[in-house]
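Novice: Mind folding the following:
(chains A and B, ligands or ions: 2)
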Amino acid sequence: MAEAILETDGLTKVFGGFTAVGGVNLRVETGTIHALIGPNGAGKTTCFNLLTKFLQPSAGTISFAGQDITAKKPADVARLGMVRSFQISAVFGHLTAVENVRVALQRDRGRNFDFWRSDRVLRRYNDRAHELLFDVGLSDAVDVPAAELSYGRKRALEIATTLALEPRLMLLDEPTAGMTEADVSRIVALISRLRAGRTILMVEHNLSVVSGLSDKITVLTRGKILAEGDYATVSNHPDVITAYLGTDHA
Amino acid sequence: MFGFSKAQAIGFLIMVAAVAIGPFVLYPIFLMQVMCFALFAMGANLLMGSIGLLSLGQAAYFGMGGYVCGYLVQSYGFTPEVGIIAGGLTGAALGAVFGWLAIRRQTIYFAMITLALAQIVYFFAVQDTDFTGGENGIQGIPRSALFGHLSLNNDLAMYALVAVIFLAGVLFVHRVVHSPFGQVVKAIRENEPRAISLGYKSEHYKWIIFIIAAALAGVAGATKAMVMGIETLTDVGAAASGLVVLMVLLGGIGTIYGPILGALVVVAMQYYLSSFGAWVTVIQGAIFMACVLVFRRGVIGELAYRLKTPL
Ligand SMILES: Nc1ncnc2c1ncn2[C@@H]1O[C@H](COP(=O)(O)OP(=O)(O)OP(=O)(O)O)[C@@H](O)[C@H]1O
Ligand SMILES: [Mg+2]
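Specialist: Ligands and ions are numbered 1, 2, ... in the order given. This is a model prediction of the structure:
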């Protein structure tokens, strides 16, 4: 078996008696694109929040790159190289596209507490920021405030910002949700281009995106893993068909 | 120049000119008060505008800065610059402790904690101790001589000192906003979870901003104590905390010149409308409501919006 970059053991989150995620054992192998799918309310976003430590698990452990991160803070998890995007596009609205990306790039300066220094020192990140914006097709929007971009372009900017950190593992929560057809194919093309040397865990509802991109799929329903495998295996699994068509409750 | 936009640079030159001509046209004491409150408001604006935190207890740092400065200069005969620096350090130290407690909460809870902590400081100041003088405050603080040599008894000499502190404050605040640190701070204001997900510990940035705002309040309070020669409960109470919020809102949150204009208007009302007595408070209340309800950008904010340039 290939090496796992991320592994959870019995990952559980209980919200006041309601188990949103219950005993999930997830294993993301290095260099793969791993999709997490499931109906609304299955616990996918909650899983992301647990993995990135935006939520503290009620039980279970998480290890990332061979290190137990169960007790770490979200910013520290990010610094270890696991960087997430959000289900609702998360950009810095009043900052321009290039400034958005630079916020990520300037992290390599360390702590950035130097309030006495001019922000001119950040200009050395401009070239790299422009490259990243070019990669996601935003070259024409470099100096546009992020809030003024269309929804699809905001998502592209978010990916560029995430990529700026060169994460070892990228967590994308529904990267194509709410996008036009054209934007979706642009993002899919982008992700297939990026995938070399990267590991991606993504939540995605669009099954054609999932089938085209992912090496492995985990299906979650009501906080539990229902099925796991490649697209063919998972899509023919009777429980998955039931869960997705929904009428026939098991 | 100094990272100013063109409009900001022009604004700065106009302001320097106004500061230079001011004491020959208007009452110098009035202008010095405006500059002290402007410095105070610029700090509050760092919290409100840059990182989006509303503190209702900024007077704690302003007042304590004034008390410590007044006490050191009056009781121990320290020179004014020592008093003012000590005032700033007092604000920073108090801000470090209170900020550490407050930044863990958001929005209204943050505001309430800052208010509650400031009330503790007020309660302490009301006690009739040797230090604060209770209801009487500290009276008759001598202006003495800067560095022990330059006498400040002349209003113009005092004015020059206040003007230098004020203008340095404007440049300092501008630098903070336009620094690598300021860039992360803006990101946190815009979307805190996203900034955290990129690896920034937002609470550290909030804490530093809080301390800077408190230090500016401390310097402003200390300078004001030197100007007026007294330090009283007015500067440390909840009303002063409210007034500084009003200045920021009126002038324009998140702008450089907004808090300065806000301070000018609010202090002018107190000076020139004082014959209306309690009505000044009512007028201030009405302005406050107008700002919150219809005039959200404030005067300078609205101007910047119309001119499509930061101011
Ligand atoms: N903070 C919370 N407090 C209480 N319940 C929560 C909380 N967050 C999520 N839940 C609940 O947990 C369940 C799983 O939610 P989650 O957002 O993880 O689903 P999801 O799989 O991402 O769904 P979607 O496809 O709609 O995004 C839902 O029933 C939701 O209401
Ligand atoms: Mg979700």
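Novice: Pass me the low-pLDDT residue ranges in chain A, would you?
Specialist: Along chain A, segments meeting pLDDT under 70 span A:1, A:244-250.
Novice: Go again with 80.
Specialist: Within chain A, the stretches with pLDDT under 80 are A:1-2, A:89, A:110, A:178-179, A:183, A:231-232, A:235, A:237-250.
Novice: Chain B contacts on that one?
Specialist: A:52, A:54, A:73-76, A:78-79, A:83-86, A:90-95, A:99, A:102-104, A:106-107, A:109, A:111-122, A:161, A:165 (Cβ under 8 Å from any Cβ of the partner chain). No exception for glycine: its C-beta is placed from N, CA and C like everyone else's.
Novice: quick one: the closest residue to residue B:311 other than its chain neighbours and ligand 2, what's the gap?
Specialist: Leaving aside its sequence neighbours, residue B:311 sits nearest to residue B:304 (Cβ to Cβ, 6 or more residues apart in numbering or on different chains; 4.0 Å). Distance, residue B:304 to ligand 2, by Cβ to the ion, to the nearest Å: 38 Å.
Novice: How about residue A:208?
Specialist: 19 Å.
Novice: what about whichever residue of chain B sits closest to ligand 1, how many neighbours?
Specialist: Closest approach between chain B and ligand 1, counting by Cβ to the nearest ligand atom: residue B:193, at 12.9 Å. If you count neighbours by other Cβ atoms under 10 Å in any protein chain shown, residue B:193 ends up with 16.
Novice: residue contacts, the residue in chain A positioned nearest to ligand 2?
Specialist: As assessed by Cβ to the ion, ligand 2 sits closest to residue A:45 within chain A, at 3.1 Å. The contact partners of residue A:45, taken as Cβ atoms under 8 Å, 6 or more residues apart in numbering or on different chains, are A:87, A:173, A:203.
Novice: can you count the residues close to residue B:82?
Specialist: 17.
Novice: repeat for residue A:12
Specialist: Residues lying near residue A:12 (other Cβ under 10 Å) number 17.
Novice: Pretty sure it sits against residue A:57.
Specialist: Yes - applying Cβ atoms under 8 Å as the test, residue A:12 and residue A:57 come out as touching, 6.1 Å apart.
Novice: I'd like the distance between the residue of the stretch 51-200 of chain B found nearest ligand 2 and residue B:187.
Specialist: Residue nearest to ligand 2 within the stretch 51-200 of chain B (Cβ to the ion): residue B:193, separated by 14.1 Å. Separation of residue B:193 from residue B:187 (Cβ to Cβ, to the nearest Å): 11 Å.
Novice: tell me the domain ranges of chain A?
Specialist: Using automatic domain parsing, the domain parsing of chain A gives A:1-81+A:167-250, A:91-166.
Novice: tell me the most buried of the ones you listed?
Specialist: Among those, the stretch with the highest mean neighbour count (mean count of other Cβ atoms under 10 Å in any protein chain shown) is domain A:91-166, at a mean of 19.
Novice: quick one on the thing from earlier: mark which of the residues of chain A next to chain B are part of helices, please.
Specialist: Per DSSP state H, helices hold the following members of the residues of chain A next to chain B: A:74, A:75, A:76, A:78, A:79, A:99, A:102, A:103, A:104, A:161.
Novice: OK, contacts around the fourth one?
Specialist: If I follow you right, that is residue A:78. A:52, A:84, A:165, B:196, B:197, B:198, B:199.
Novice: ok, now residue B:116?
Specialist: Contacts for residue B:116 (Cβ under 8 Å, 6+ apart) come out as residue B:57.
Novice: ok, the closest residue to residue A:105 other than its chain neighbours to residue B:110 distance?
Specialist: Distances taken as Cβ to Cβ, 6+ apart put residue A:125 closest to residue A:105, at 4.1 Å, once the chain neighbours are dropped. Per Cβ to Cβ, residue A:125 is found 32 Å from residue B:110.
Novice: Same question for residue A:191.
Specialist: Counting by Cβ to Cβ, the gap from residue A:191 to residue B:110 is 39 Å.
Novice: now do residue B:258
Specialist: According to Cβ to Cβ, residue B:258 stands 21 Å off from residue B:110.
Novice: what do you get for residue A:145?
Specialist: 27 Å.
Novice: cool, residue A:90 as well?
Specialist: Residue A:90 is 22 Å from residue B:110, by Cβ to Cβ.
Novice: Neighbour count: those two, which is higher?
Specialist: residue A:90 (25 against 21).
Novice: Next up, the contacts around the more buried one.
Specialist: A:158, B:191, B:193, B:194, B:197.
Novice: The residue of chain B closest to ligand 1: helix or strand, and which one exactly?
Specialist: helix B:192-197 (DSSP states H and E).
Novice: Next SSE downstream of that helix?
Specialist: Counting by DSSP H and E, the next helix or strand C-terminal to helix B:192-197 is helix B:202-228.
Novice: for that next one, packing partners?
Specialist: Contacts defined by 3 or more Cβ pairs under 8 Å, 6 or more residues apart in numbering or on different chains; DSSP states H and E place helix B:202-228 against helix B:28-45, helix B:59-76, helix B:80-102, helix B:155-177, helix B:180-190, helix B:192-197.
Novice: Residue B:263 is nearest to which of the ones you listed?
Specialist: Nearest to residue B:263 among the helices and strands packed on helix B:202-228 is helix B:28-45 (3.9 Å), distances taken as Cβ to Cβ.
Novice: near chain A, anything from that closest one?
Specialist: No - Helix B:28-45 stays clear of chain A (Cβ under 8 Å from any Cβ), getting no nearer than 13.0 Å.
Novice: Most distant residue from the centre of the chain?
Specialist: Picked chain A for this. The centre of chain A is farthest from one residue, residue A:116, which by Cα atoms, centre = their mean lies 34.4 Å away.
Novice: sorry, should have said chain B
Specialist: residue B:197 (32.5 Å).
Novice: picking up where we left off before, now, which of the contacts of residue A:78 sits nearest residue B:284?
Specialist: Comparing those against residue B:284 with Cβ to Cβ picks out residue B:196 as the nearest, at 38.1 Å.
Novice: The closest one reaches residue A:74, doesn't it?
Specialist: Yes - if you go by Cβ under 8 Å, residue B:196 and residue A:74 touch, sitting 5.1 Å apart.
Novice: Residues in contact with the helix or strand encompassing residue A:184: which ones?
Specialist: According to DSSP H and E, residue A:184 maps onto helix A:181-194. Residues from elsewhere that reach helix A:181-194 (Cβ under 8 Å, 6+ apart): A:33, A:135-137, A:151-153, A:155-156, A:159, A:163, A:172, A:175-176, A:179, A:200, A:206, A:209, A:212-213.
Novice: Measure how buried residue B:79 is and give me the count.
Specialist: With other Cβ under 10 Å as criterion, residue B:79 counts 17.
Novice: List the residues that contact it.
Specialist: Residues in contact with residue B:79 (Cβ under 8 Å, 6+ apart) are B:73, B:144, B:145, B:146, B:147, B:148.
Novice: Just give the closest residue to residue 46, not the sequence neighbours.
Specialist: Assuming you mean chain A. residue A:20 (4.5 Å).
Novice: sorry, should have said chain B
Specialist: residue B:213 (4.9 Å).
Novice: again, but for residue B:102
Specialist: residue B:113 (4.5 Å).
Novice: Would you agree that neighbour is in contact with residue B:101?
Specialist: Yes - using Cβ under 8 Å, residue B:113 is in contact with residue B:101, at 6.3 Å.
Novice: What are the buried residues along whatever helix or strand residue B:122 lives in?
Specialist: Element membership for residue B:122 (DSSP H and E) is helix B:107-126. By neighbour count on 16 or more other Cβ atoms under 10 Å in any protein chain shown, the buried set for helix B:107-126 is B:110, B:111, B:113, B:114, B:115, B:117, B:118, B:119, B:121, B:122, B:125.
Novice: Now the two most distant members of these.
Specialist: Of all pairs drawn from the buried residues of helix B:107-126, the one with the longest distance (Cβ to Cβ) is B:110 and B:125, at 22.9 Å.
Novice: how about the residues of the stretch 51-200 of chain B near ligand 1?
Specialist: On the criterion Cβ under 6 Å from any ligand atom, ligand 1 has no neighbours in the stretch 51-200 of chain B.
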